[in-house]
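1. Sequence and predicted model, in that order:
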Amino acid sequence: MIIGLIRENKNPPDRRVALTPLQCSKVQKLFPNLKIIVQCSLHRVFSDDEYRKYDISVGENMADCDILLGIKEVPCEYLIDAKTYLFFSHTIKKQDYNRDMLVEILNKKIKLIDYECLQNEKGSRILGFGKYAGIVGTFEILRAFGKKYKIFELKSPSTFKNYEDLKSSIIKYTSLIKKQNKKIVLAGSGRVISGSEELLQFIEIKKTNPYDFLNKTFDETVYTLLDIEDLYERIDKLETTHQHFYKNHDMYLSKFKPYTAKADILINGVFWDKNIVRHFEKEDTMKDDFKIKLIADISCDIEGSVPLTIRETTIENPVMGWDGKMQKECEPYTEKSIDIMAISNLPTELPADSSFGFGEDLIQYVLPELLKEKSKIIDNATICENGKLTDKFNYLQDFVSKRDE
């Protein structure tokens with residue numbers, strides 16, 4: 001079997017990769033019947049020569065590959081007929097901006113396996129960059145905090161060589177951040193929030209429980225973590241559980257409102273779809289008791305759980321402002337603005353670290369499944385094959401059949 005690591009051709013190019021040079025060498029030793037070919041790239045965090053140093057083949061032509069591994073969506077003109085692809089397709093929520101790509105994948109009879117849909121027996125995602133999204137998103141909002149209140153200045157995470165350099169840049173401001181006596185609320189669970197907590201704990205921000213967060217005052221900056229049972233309540237007042245919530249979104253109301261009057265910073269990492277109630281509404285920001293001044297919307301769903309995320313922000317311009325009184329976007333970093341960081345590709349700011357973490361999970365949990373003759377894990381993550389949607393994803397049929405008006 002030949003596996004190809006394709007170049008990221010979506011613009012702007014992502015610097016991450018599914019396997020590092022050392023991991024490619026490791027894979028070929030672990031699986032002697034498997035060969036890896038790396039497509040040439042000028043933008044990848046690891047150079048072509050770094051792969052060659054580990055005796056990994058580097059070239060342009062991917063035609064001989066059986067399986068092609070990417071990260072972001074593949075532009076239609078680069079899709080190769082009848083191949084098996086693995087990447088984050090961002091199509092399972094019927095994202096309009098990727099409909100044409102999915103149609104082309106069907107037309108070219110490509111087998112599409114979506115990383116996002118790879119799950120273990122417990123239903124947990126196997127692959128993802130969530131941890132580094134949490135780390136970088138939290139760094140970005142602390143950076144915005146320092147800039148907004150003219151307390152300190154941090155460089156963009158994209159300028160650091162690795163995670164260790166990023167940590168070294170912020171640790172010097174630990175005492176300064178703690179002295180500001182702010183309240184930070186984290187919303188969500190999973191890898192994103194674990195990454196966020198990791199950075200907050202590294203700079204020694206004290207954790208408190210939700211009750212104390214709402215009802216007590218502190219003499220230092222603190223944070224609290226809100227999971228499903230803290231964020232939502234059932235309309236029928238019965239017990240809230242993860243399993244019931246994810247199957248019955250429309251049976252829940254938000255419990256977040258009290259935190260809008262107590263928190264200074266919101267770090268949002270919840271899963272969201274259109275049937276899930278938002279944390280608050282835009283109109284709430286008009287009220288005098290709406291205290292939140294900085295938001296890291298790491299989930300980055302446009303007008304989703306954080307309705308102020310009216311667009312994505314960028315690595316070059318990571319923060320936008322929202323004027324609660326005027327109910328429109330404004331300049332960030334002002335006294336009146338609520339500042340929102342909504343970068344959708346945060347892990348690419350630490351491409352080497354995030355690629356390594358992703359690759360380790362890929363080697364341990366996914367490659368063995370790909371090499372099996374039959375794998376339930378792979379089947380459940382396969383969106384389409386031989387020009388047809390699989391049964392699990394047949395709900396996308398109306399989406400791909402839609403004609404532009």
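-> It's in. Numbering: from 1, shown residues only.

2. how does this protein divide into domains?
-> With domains defined by automatic domain parsing, the chain comprises 2-127+351-401, 130-349.

3. Find the nearest non-adjacent residue to Leu19, please.
-> Nearest residue to Leu19 in three dimensions, chain neighbours excluded: Gly359, at 4.5 Å (CB to CB, 6 or more residues apart in numbering). The C-beta positions use only the backbone N, C-alpha and C, and glycine is treated the same way.

4. Over to Thr84?
-> Lys111 (4.3 Å).

5. gap between that neighbour and Pro75?
-> With the distance defined as CB to CB, to the nearest Å, Lys111 ends up 18 Å from Pro75.

6. With neighbour numbers in mind, choose between those two.
-> Per other CB atoms under 10 Å, whichever of Lys111 and Pro75 has more neighbours is Lys111, with 18 against 13.

7. So the more buried one sits against Leu86, correct?
-> No - assessed by CB atoms under 8 Å, Lys111 is found out of contact with Leu86, at 9.4 Å.

8. Tell me which other helices or strands the biggest helix by length in the chain touches.
-> Across the chain, the longest stretch assigned as helix under DSSP state H is helix 130-148. Contacts defined by 3 or more CB pairs under 8 Å, 6 or more residues apart in numbering; DSSP states H and E place helix 130-148 against helix 163-171, helix 191-202, strand 265-269, strand 294-297, strand 337-341, helix 351-361.

9. Just the CA trace of the second one, in PDB.
-> When you say that, I think you mean helix 191-202. The C-alpha coordinates for helix 191-202 follow below in PDB (Å, rounded to 0.1, in the frame of the first residue of the first chain):
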ATOM      1  CA  ARG A 191      -9.700  18.600  23.800                       C
ATOM      2  CA  VAL A 192     -10.200  22.300  23.200                       C
ATOM      3  CA  ILE A 193     -11.000  23.100  26.800                       C
ATOM      4  CA  SER A 194      -8.200  20.700  28.100                       C
ATOM      5  CA  GLY A 195      -5.700  22.800  26.000                       C
ATOM      6  CA  SER A 196      -7.200  26.000  27.400                       C
ATOM      7  CA  GLU A 197      -6.900  24.800  30.900                       C
ATOM      8  CA  GLU A 198      -3.400  23.600  30.300                       C
ATOM      9  CA  LEU A 199      -2.200  27.100  29.500                       C
ATOM     10  CA  LEU A 200      -4.100  28.800  32.300                       C
ATOM     11  CA  GLN A 201      -2.700  26.300  34.800                       C
ATOM     12  CA  PHE A 202       0.800  26.900  33.400                       C
END
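
10. what lines up beside the helix or strand just after it in the sheet?
-> The helix or strand immediately downstream of helix 191-202 is strand 206-207, counting by DSSP states H and E. Strand pairing for strand 206-207, using DSSP bridges, gives strand 222-226 (parallel).

11. which residues touch the partner strand?
-> The contact list for strand 222-226 (CB atoms under 8 Å, 6 or more residues apart in numbering) reads 183-188, 193, 197, 200, 205-210, 212-213, 256, 259.

12. Give me the buried subset of the residues you listed.
-> With burial judged by 16 or more other CB atoms under 10 Å, the buried subset of the contacts of strand 222-226 is 183-188, 193, 197, 200, 205, 210, 213, 256, 259.

13. thought Gly357 was touching Lys131?
-> Yes - the criterion here is CB under 8 Å, and Gly357 meets it with Lys131 at 6.6 Å.

14. returning to that earlier point: export the buried ones among the contacts of strand 222-226 to CSV and tack on distance to Lys388?
-> Compiled in CSV, these are given as follows (distance: CB to CB, whole Å):
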residue, distance to Lys388
Lys183, 51
Ile184, 47
Val185, 45
Leu186, 41
Ala187, 38
Gly188, 35
Ile193, 37
Glu197, 42
Leu200, 46
Ile205, 50
Pro210, 47
Phe213, 50
Phe256, 41
Tyr259, 46
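
15. Which two of those have the greatest separation?
-> Greatest spatial distance in these: Ile205 and Phe256, 20.6 Å, computed using CB to CB.

16. Tell me where the stretch 1-150 of the chain has strands.
-> All strands of the stretch 1-150 of the chain, identified by DSSP state E, counting those that start in this stretch, fall at 2-5, 35-39, 57-59, 67-69, 84-87, 111-114.

17. Reformat those as CSV; add mean pLDDT and distance to Thr241.
-> Output for the strands of the stretch 1-150 of the chain, formatted as CSV (pLDDT from 0 to 100; distance: least, CB to CB, whole Å):
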stretch, mean pLDDT, distance to Thr241
strand 2-5, 98, 40
strand 35-39, 98, 43
strand 57-59, 97, 49
strand 67-69, 98, 36
strand 84-87, 98, 32
strand 111-114, 98, 27
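
18. Minimum distance to Leu19: which of these has it?
-> Leu19 sits nearest to strand 2-5 of all these, at 6.1 Å, using CB to CB.

19. Can you tell me the strand partners of the closest one and which way each runs?
-> Strands that pair with strand 2-5, judged by DSSP bridges, come out as strand 35-39 (parallel), strand 67-69 (parallel).

20. okay if I get the ones you listed as JSON lines plus mean neighbour count?
-> Below are the strands paired with strand 2-5 laid out as JSON lines (neighbours: other CB atoms under 10 Å):
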{"stretch": "strand 35-39", "mean neighbour count": "22"}
{"stretch": "strand 67-69", "mean neighbour count": "23"}
